[in-house]
Structure formats: structure tokens, C-alpha cells
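Peer 1: model this:
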Amino acid sequence: MRVILKAEVFASQHIKHLDITALIKFGLDERHLIQVEPLDADEVRDWLNKQSDDVREECELAFDSGYRLDSDEYGQFSPFTIQVACVDKAQWYQEEPLLPLDIALKFLSQPFIIFVENRRNDSAFLRATATGWRKQKLEKFLNEDWLKFEAGGGMGEVLKYVEEISEPPEKYLRHFVLFDSDALEPDKPSKQSEDVVTACGKSVYFHRLKRRAIENYLPLSTLSAWMGINVHKKVNGILRRKLVDAFAKLSSEQRHHFNMKKGFKGDLKKTKADDEKETEQEHRLVSHFYQNVSTEIRIVLAQGFGTDIAELFKEEHFLIKEKWLYDDKSLILELEPMLKRLLSLV
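Peer 2: Here you go, the predicted structure:
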């Protein structure tokens with residue numbers, strides 16, 4: 001987050017100088033981007049001159065870091081900005097909230113919350129798919145407890161949580177919601193995920209995955225490596241090798257919306273009528289989006305990769321190489337900007 005510290009604060013008789021140094025320390029720690037406006041103001045120079053050499057040097061480092069990281073890292077996503085000035089009360093409802101120093105300190109000290117459907121799997125997904133400086137910053141924020149994951153128990157709980165944090169601003173501005181689209185086909189998210197988007201509105205920051213679920217972001221290279229660990233191991237009676245080979249024959253869009261955990265049969269249950277035979281229902285299911293998939297491939301992929309396939313995102317179980325992520329161009333095109341935006345809000 002970018003913090004514009006107005007020069008008038010340095011000359012105020014009603015502000016504790018320790019509060020000013022506490023705010024500046026956020027910049028020294030690279031937790032927030034601290035920028036003084038204007039930096040060359042007499043009030044700022046006079047205040048700095050009253051500090052010890054060590055304190056003055058650290059303050060100048062924090063200011064330099066605030067401008068340097070702002071231009072170097074976030075690119076198209078300008079960090080969310082607050083202004084700190086000599087005002088009597090917080091003015092939240094404007095493009096750049098204007099806050100008194102004490103309220104700003106309280107606000108900036110809160111950990112930023114990423115709310116997900118499943119804390120262990122979804123947090124592992126975000127960490128495993130982060131690349132470059134984004135991964136380094138994400139890990140630093142998590143290790144310092146500046147960024148935390150909280151979770152519900154499915155889309156219904158996500159909706160309730162969004163409704164709970166929709167007011168006041170000091171709450172929803174410290175949250176980001178990440179959730180599945182549950183889309184069985186491209187651009188056709190589930191009604192539940194649409195309800196969450198509606199609830200988020202223009203207040204709550206969120207990202208809805210374009211693909212069906214997190215496991216649909218496992219690159220083919222990753223699945224191939226997983227297969228190679230034990231080529232003779234089976235999932236629901238099907239060799240891993242056969243599963244991965246069959247999955248690779250689907251189009252990229254089909255892979256992005258395939259029921260990874262439960263396969264084609266998992267989706268049959270979503271629409272099967274009591275008086276329909278499974279073979280008739282299967283024909284109806286694959287008649288348009290999967291109509292070019294052979295019966296042989298459908299049989300192999302009938303039960304999917306198992307309910308624990310998302311465990312591959314957990315580094316203690318499997319290490320996903322960054323090269324494998326970059327092999328999947330649409331993954332990078334979606335997730336890198338999402339993570340840049342998220343980090344710019346923290």
C-alpha cells in the first residue's frame with residue numbers, strides 16, 4: 001500500500017513524534033510504500049534535523065524505498081493509496097482515503113487477509129503459482145504475518161464472509177477474496193460464484209478464477225512429472241500414465257474446465273434425472289463441449305485424478321518448477337497480474 005505522508009504532519013504540535021517514526025518504519029521494513037509530500041518541505045527537513053544520525057538515515061532510506069519500489073515493481077497496478085494529514089476524523093469514502101496519523105497507524109498495522117474456500121489447498125496454490133519477485137514478496141509478507149489466509153467451507157461461506165466485511169471501509173480495504181468460478185465451460189461461471197461477485201460489488205477486492213478450480217491450473221508438465229514418480233501407481237484403477245496421456249489429448253479449454261477430482265462421472269451427477277440411464281446422460285453431457293472426445297478417453301477420465309490432486313500444490317508433497325508455470329501461457333497471463341494487484345493492496 002502507498003502511504004502519502006503530508007509534510008504538515010511533521011510540524012504538528014498535536015502528534016507524537018514516535019507515531020511518525022512508527023509510520024516511517026513500515027517503509028523501512030518494506031511493508032508499505034511511505035512517500036512524503038512534498039519531500040523537500042521545510043517541515044520535513046526541520047524534523048529530520050532534530051533526529052539522531054541513525055534515525056535520520058533510516059528515515060531517508062524508508063523514503064527512498066517508497067519511491068523506488070513503487071516504480072520498479074507494481075507496473076500497471078498503482079498501489080492502493082491513503083493520505084495521512086492533520087485532519088480531525090477519517091475521510092474513508094474518497095478515492096484516496098484521508099486519515100489522521102493515529103487511525104492510519106491502526107489501519108496499516110492490521111494484517112491483510114486473503115479469504116479463500118480452502119485455506120490449506122488454496123494458500124498452497126497461490127504460493128506455488130507465484131513467480132519471480134512476486135513469490136519473494138508474497139513469502140516475506142506471509143512469514144512476517146503481514147498477510148494471512150482465512151477460509152470458509154465452500155462458496156456459500158465465501159458469500160457470507162463477503163457480506164460480513166462489506167462495511168466499514170477499514171475492514172473491507174484490508175481483505176481480498178479468491179474463489180473458483182466452478183465453470184463447467186468457458187465463460188459460464190456457476191450461479192454461486194456470480195452471487196459472490198455481485199456481493200463484492202465495487203467495494204471488496206476479489207479475483208474469480210477463470211478456470212473451473214485451482215486444480216485446473218496444474219500445468220501438464222507438472223502432471224507428467226507426477227506421473228513419472230511412479231508410473232505403475234493407479235488412481236481409481238487407472239494407471240497415472242494413462243490418465244495423463246488421456247488428459248493431454250483434451251483441448252486446453254477442455255482441460256481448464258474438466259472435473260479434475262471426480263472426472264466425467266462427477267459431472268453426470270449434477271444433471272442426471274432419476275429416469276435416465278447413465279449412458280444417455282453421458283451422451284448429453286459430452287454432446288457439445290466434449291463432443292469431440294473419444295469414448296476411450298472418456299472411459300479413462302471417467303473418475304478423474306482423485307480428490308487429493310490439489311495436494312500437488314503443496315511444496316512438502318511436490319515442487320512445481322517455475323518453468324512449468326511459464327509453459328502454460330494463459331496461467332501466467334491470468335495469475336501474474338492478479339498477484340501484482342493483490343500485493344499492491346497489502
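Peer 1: going forward, measure contacts between C-alpha atoms and count neighbours the same way
Peer 2: Noted.
Peer 1: which non-adjacent residue is nearest Leu101?
Peer 2: In space, and not counting its chain neighbours, Leu101 is closest to Val84: 5.8 Å by C-alpha to C-alpha, 6 or more residues apart in numbering.
Peer 1: list the beta-bridge partners for that neighbour.
Peer 2: Going by DSSP bridges, Val84 is paired in beta bridges with Leu5, Leu99.
Peer 1: what is the least confident helix or strand in the protein?
Peer 2: Lowest by mean pLDDT, DSSP states H and E among the helices and strands of the chain is helix 278-286, with a mean of 52.
Peer 1: after that helix, which helix or strand is next?
Peer 2: Scanning the chain past helix 278-286 towards its C-terminal end, the next helix or strand to appear is helix 295-300 (assignment: DSSP states H and E).
Peer 1: how about that following helix: buried residues?
Peer 2: Of the residues in helix 295-300, those with enough neighbours to count as buried (16 or more other C-alpha atoms under 10 Å) are 297-298, 300.
Peer 1: quick check, nearest of the residues you listed to Ile165?
Peer 2: Arg298 (43.0 Å; C-alpha to C-alpha).
Peer 1: count the residues that sit near the residue lying closest to the closest one once chain neighbours are set aside.
Peer 2: Take Arg298 and drop its neighbours on the chain: the residue closest to it by C-alpha to C-alpha, 6+ apart is Phe264, 7.1 Å away. Residues within reach of Phe264, counting by other C-alpha atoms under 10 Å, total 22.
Peer 1: could I get the average pLDDT for the host helix or strand of Phe264?
Peer 2: Assigned by DSSP H and E, Phe264 falls within helix 263-271. Along helix 263-271, the predicted confidence averages to a pLDDT of 78.
Peer 1: okay, now the domains of the chain?
Peer 2: In the domain annotation for the chain, the residue ranges read 2-109, 112-214+323-345, 220-313 (automatic domain parsing).
Peer 1: which of the ones you listed sits most buried?
Peer 2: domain 112-214+323-345 (a mean of 18; mean count of other C-alpha atoms under 10 Å).
Peer 1: check what pLDDT the residue nearest to Lys210 when sequence neighbours are not counted gets.
Peer 2: Beyond its immediate neighbours in the sequence, the residue positioned closest to Lys210 (C-alpha to C-alpha, 6+ apart) is Ser181, lying 6.2 Å away. Per-residue confidence for Ser181 comes out at a pLDDT of 97.
Peer 1: equivalent analysis for the one 4 residues further on, please.
Peer 2: As predicted, Glu185 sits at a pLDDT of 93.
Peer 1: ok so, going back, which stretch in the domains of the chain is the model least sure about?
Peer 2: Within the domains of the chain, the least confident segment by mean pLDDT turns out to be domain 220-313, at a mean of 84.
Peer 1: contacts for stretch 88-97 next, please.
Peer 2: The contact list for stretch 88-97 (C-alpha atoms under 8 Å, 6 or more residues apart in numbering) reads 80-83, 98-100, 103, 169-170.
Peer 1: can you redo these as a markdown table with distance to Asn121?
Peer 2: Rendered in a markdown table, the data for the contacts of stretch 88-97 read as follows (distance: C-alpha to C-alpha, whole Å):
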| residue | distance to Asn121 |
| --- | --- |
| Phe80 | 28 |
| Thr81 | 31 |
| Ile82 | 33 |
| Gln83 | 36 |
| Leu98 | 37 |
| Leu99 | 37 |
| Pro100 | 39 |
| Ile103 | 35 |
| Pro169 | 29 |
| Glu170 | 28 |
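Peer 1: nearest to Leu243 among these?
Peer 2: Nearest to Leu243 among those, counting by C-alpha to C-alpha, is Phe80 at 44.3 Å.
Peer 1: who touches the closest one in this structure?
Peer 2: 1-2, 96, 344-345.
Peer 1: which residues of the stretch 51-200 of the chain fall in helices?
Peer 2: Listed in chain order, the helices of the stretch 51-200 of the chain (DSSP state H, counting those that start in this stretch) span 53-72, 101-109, 119-129, 132-143, 155-165, 169-172, 191-200.
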